[in-house]
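>>> any chance you can model this:
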Amino acid sequence: MKNLNKYVSAYQDQLKKGDILIAYNELVKFVMKLRTEFIKTLSDQYSFAGVLHGYMDYTYFYYSNDFLKTKKLKFGLVLNHLEMRFDVWLLGNTKPIQEKYWKLSKNTKWNKDKDEMPEYAILETTLVENPDFNDLDKLAERIEVQMIKSSDEILNYIRTLN
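You can find the predicted model right below:
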């Protein structure tokens, strides 16, 4: 690794320009707004945890229902900052749970191109690539529709495992 002071200096220079700081704050606020809206519209289907900011790489929140909780699983709605896309991740509460469900889902459409379990999730599916942040209402609607569709599909798959 380069001298950490050089990285910190470059980071500070970018923050002083202001664009990164504004973009990051607005992205986090948007994810927080999504969570708030989903609590209003989807609380009959899911419970929602707080927004986690990650390390400028991911901003996400967990959501779950009674069925997932009995399996020690949960979903995450994830804004992947590096790829600038929205994903749904299926996660286990513990590493052994993740490994168990990874083995069960290795050959599904979500993991068919992967040789190894994703770093943080059992499976990942993209909801929106290249989001248009100039129309946040339309983007939020698109994310919600895709989130429900993907979550239902994953839930239906998990139910077949029993």
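
>>> which residues does the residue nearest the centre of the chain bridge with?
With distances taken as C-alpha atoms, centre = their mean, residue 78 lies nearest the centre of the chain, 1.7 Å away. On the basis of DSSP bridges, residue 78 is bridged to residue 60, residue 87.

>>> pull the contacting residues for it.
Contact partners of residue 78, counting by C-beta atoms under 8 Å, 6 or more residues apart in numbering, are 58-60, 86-89, 124. C-beta coordinates here come from the backbone N, C-alpha and C atoms, glycine included.

>>> swap the cut-off to 10 Å and go again
Applying C-beta atoms under 10 Å, 6 or more residues apart in numbering, we find residue 78 in contact with 31, 52, 54, 57-62, 85-89, 91, 120-121, 124, 126-127.

>>> just to be sure, which of those residues are found in helices?
Within those, residues falling in helices by DSSP state H are residue 31.

>>> return the members of the contacts of residue 78 classed as buried.
Among the contacts of residue 78, those scoring as buried are 31, 58-62, 86-89, 91, 121, 124, 127 (criterion: 16 or more other C-beta atoms under 10 Å).
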